[in-house]
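Colleague: using only what follows, build the 3D model:
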Amino acid sequence: MATLAELTERIRQAAASGDSLGRTVKLDLKGEGIIHVDGASVTNDDLAADLTVSVSRTDLERLGKGELDPTRALMSGRLRLSDMGLAFSLQPRIQALFEGAV
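Modeller: Prediction:
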C-alpha cells in the first residue's frame, strides 16, 4: 500500500496531466491524512473544498484499480460524499484522479 506522500505525488501528477476538475476536492482518508486538490495544486493541507470525499487509503487504491465498485462503496458507507450531485457531475474526472493514485 502506498504512503500518503506517494498517493499525494501520484494525484499531483494526474491532476497536472489531466483536465482540471474546475472545483476543489478534498480526499479525507479517514484519519490517515488529507489530500486537497485545487486545479494542479495538490497538498496535504486540510482546507475547505467544494467536495469532500471520505474514503480509506486502502479503498482509494482499490477504487483506482477498479477492484471496488464506487456505487457499492457508497451504499456500504465505505465512501462518503459531501455533495452527491457535484460528485456525480465530476465523476469521470474524479475517477481519473483515483486511477492516477495507483
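Colleague: can you get me a residue count around A16?
Modeller: Look at A16: counted by other CB atoms under 10 Å, it has 13 neighbours. C-beta here means a position set from N, CA and C on the backbone, and glycine is covered the same way.
Colleague: what's near enough to touch L7?
Modeller: Contact analysis of L7 by CB atoms under 8 Å, 6 or more residues apart in numbering lists L29, I35, R57, L60, E61, A101.
Colleague: my error: substitute F88 in the last question.
Modeller: No contacts exist for F88 under CB under 8 Å, 6+ apart.
Colleague: chain center to the helix or strand containing it, what's the gap?
Modeller: Here F88 sits within helix 84-100, counting by DSSP states H and E. In terms of CA atoms, centre = their mean, to the nearest Å, the centre of helix 84-100 is set 8 Å apart from its chain centre.
Colleague: related to what we said a few turns ago, how about the contacts of L7, which pair is most distant?
Modeller: Of all pairs drawn from the contacts of L7, the greatest distance, 12.5 Å, lies between I35 and E61 (CB to CB).
Colleague: so the two - more neighbours on which side?
Modeller: I35 (25 against 19).
Colleague: tell me the secondary structure at the more buried one.
Modeller: Judged by DSSP: H, G, I helix; E, B strand; the rest coil, the three-state class of I35 is strand.
Colleague: hang on, isn't it packed against A14?
Modeller: No: when contacts are counted by CB atoms under 8 Å, I35 is not listed as touching A14 (11.1 Å).
Colleague: what mean pLDDT would you report for stretch 35-46?
Modeller: Average pLDDT, stretch 35-46: 95.
Colleague: gap between the two ends of it?
Modeller: End-to-end span of stretch 35-46 (CA to CA, to the nearest Å): 8 Å.
Colleague: can you list contacts of it?
Modeller: Contacts to stretch 35-46, defined as CB under 8 Å, 6+ apart, come from residues 4, 7-8, 11-12, 15-16, 20-21, 24-27, 29, 33-34, 47, 49, 97.
Colleague: which SSE is the residue nearest to the spatial centre of the chain in?
Modeller: Against the mean C-alpha coordinate of the chain, by CA atoms, centre = their mean, the closest residue is L27 at 4.7 Å. According to DSSP H and E, L27 maps onto strand 24-28.
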